[in-house]
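Colleague: Any chance you could fold what I've pasted below:
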Amino acid sequence: MPLLHAIILGIVQGLTEFLPVSSSAHLALIPWLLGWNDQGLSFDIALHVGTVLAVVVYFFRDWVQVIAEGFGLSIGNALGSDPAIRRNPRLLWLLVLGSVPAGIAGLLVKDLAENVWRNNQYLIGSMLILVGLFMWWADHQGSRRKDLGNVSPTDSLTIGAAQALALVPGVSRSGITICAGLLRNLDRETAARFSFLLATPAIAGAAAKDAWDLMRHGGGIASISPDMRTALLVGVIVSAIVGALTIKFFLNFLRRRSLSFFVWYRVIFGIIVIALASFFRYHGG
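Modeller: Next comes the predicted model:
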């Protein structure tokens, strides 16, 4: 893989994993639009490792506090702890609870999502549009009055069930879970924070499962050429850096603005994808 391709795909993954625009859709569509070969399982793993690093590093203090509070170890004001997390010491277990639906869905339909849905541009385009419209509706509903200190088991299960839908390319993990959070009356920033915290085990689990499959059927690291190993390392670094910057930008954005920009982006992009798919199909491309 050319390093330029690795850099571009790393940037795309870092941006789209955390913005509500669907990373799976962009990673499937960009090689298709640019005529590149599919990047393959090993590179997808590298990109996911990069975004796991981004969310773990960015939310490191939150994770330390969430884990400590979950085991009854209050850390007081150490590390600049969050008062909202202190008010909800069961948050760790709520994140575990919310991870269950996506874990079950991943076991049931992961192969279908990666091998069939990923190559269906009509499905991807339709999901970009439909979830964009759903995002517009969700952004105008709810009271937006709850922070992390008020997240309940029902909130967690609802957002977790929404996360399971993100296996369909074009849906967007962050987009659908933020929508679910808004409909459960979380404020925009809290919906995004909970979404990112909930995504951490999901992304890490998916990367671990893919790595295990690569070890069993693809020969593992030894089967990867030296040139490809360089591309993998570049993909990890670029997606991690861009991912962390994207998280910071998006949380600041949500403190001041609505999701309207991303709604328009999804709808317009979805229409373009469907139009191009129809054009290429008609002309035999």
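Colleague: switch to C-alpha atoms for all contacts and neighbour counts from now on
Modeller: Fine.
Colleague: so where's the stretch 1-150 of the chain shaky on pLDDT?
Modeller: 38-41, 75-80, 113-116 (pLDDT under 70).
Colleague: where's R118 relative to L251, distance?
Modeller: Separation of R118 from L251 (C-alpha to C-alpha, to the nearest Å): 29 Å.
Colleague: same check, this time on T16
Modeller: Distance, T16 to L251, using C-alpha to C-alpha: 14 Å.
Colleague: Pretty sure G142 sits against L182.
Modeller: Yes - between G142 and L182 there is a contact at 6.0 Å, judged by C-alpha atoms under 8 Å.
Colleague: okay, those two: which has more neighbours?
Modeller: L182 (29 against 14; other C-alpha atoms under 10 Å).
Colleague: just checking, R145 touches D187?
Modeller: Yes - between R145 and D187 there is a contact at 5.6 Å, judged by C-alpha under 8 Å.
Colleague: Counting neighbours, go ahead and name the busier of those two.
Modeller: Higher neighbour count among R145 and D187: D187, with 22 against 13, using other C-alpha under 10 Å.
Colleague: List the residues that contact the closest residue to G14 other than its chain neighbours.
Modeller: Take G14 and drop its neighbours on the chain: the residue closest to it by C-alpha to C-alpha, 6 or more residues apart in numbering is G243, 3.9 Å away. Shown in contact with G243 (C-alpha atoms under 8 Å, 6 or more residues apart in numbering): Q13, G14, L15, E17, F18, G50, T51, A54, V55.
Colleague: Just name the closest of these to P83, please.
Modeller: Nearest to P83 among the contacts of G243 is V55, at 20.4 Å by C-alpha to C-alpha.
Colleague: re the thing from before, looking at R118 and L251, which is more packed in?
Modeller: R118 (21 against 18).
Colleague: Against A84, how distant is that one?
Modeller: 39 Å.
Colleague: now V21
Modeller: Applying C-alpha to C-alpha, the value for V21 to A84 is 28 Å.
Colleague: and these two? which has more neighbours close in?
Modeller: Using other C-alpha under 10 Å, the more surrounded residue of V21 and A84 is V21, with 27 against 14.
Colleague: Just confirm the more buried one is within a helix.
Modeller: No - going by DSSP: H, G, I helix; E, B strand; the rest coil, the assignment for V21 is coil, not a helix.
Colleague: from memory it sits against G175, does it?
Modeller: Yes - the criterion here is C-alpha under 8 Å, and V21 meets it with G175 at 6.7 Å.
Colleague: in the helix or strand containing A206, what's buried?
Modeller: A206 is part of helix 188-217 when elements are defined by DSSP states H and E. For helix 188-217, a neighbour-count test (16 or more other C-alpha atoms under 10 Å) marks 188-207, 210-211, 214 as buried.
Colleague: Contacts only, for the residue nearest to L198 when sequence neighbours are not counted.
Modeller: Among residues not flanking L198 along the chain, L95 sits closest, at 5.8 Å (C-alpha to C-alpha, 6+ apart). Contacts for L95 (C-alpha under 8 Å, 6+ apart) come out as S156, L197, L198.
Colleague: Closest one of the residues you listed to K110?
Modeller: Minimum distance to K110 across these is 18.4 Å, recorded for L198 (C-alpha to C-alpha).
Colleague: about what we covered before: show me what the helix holding A206 packs onto, helices and strands only.
Modeller: helix 41-58, helix 91-115, helix 173-183, helix 226-256 (3 or more C-alpha pairs under 8 Å, 6 or more residues apart in numbering; DSSP states H and E).
Colleague: Would you mind pulling the contact partners of the shortest one?
Modeller: Taking contacts as C-alpha under 8 Å, 6+ apart, the residues outside helix 173-183 that touch it are 17-22, 131, 134-135, 138-139, 141-142, 144, 155, 158-160, 162-163, 165-167, 187-188, 191-192, 195-196, 199.
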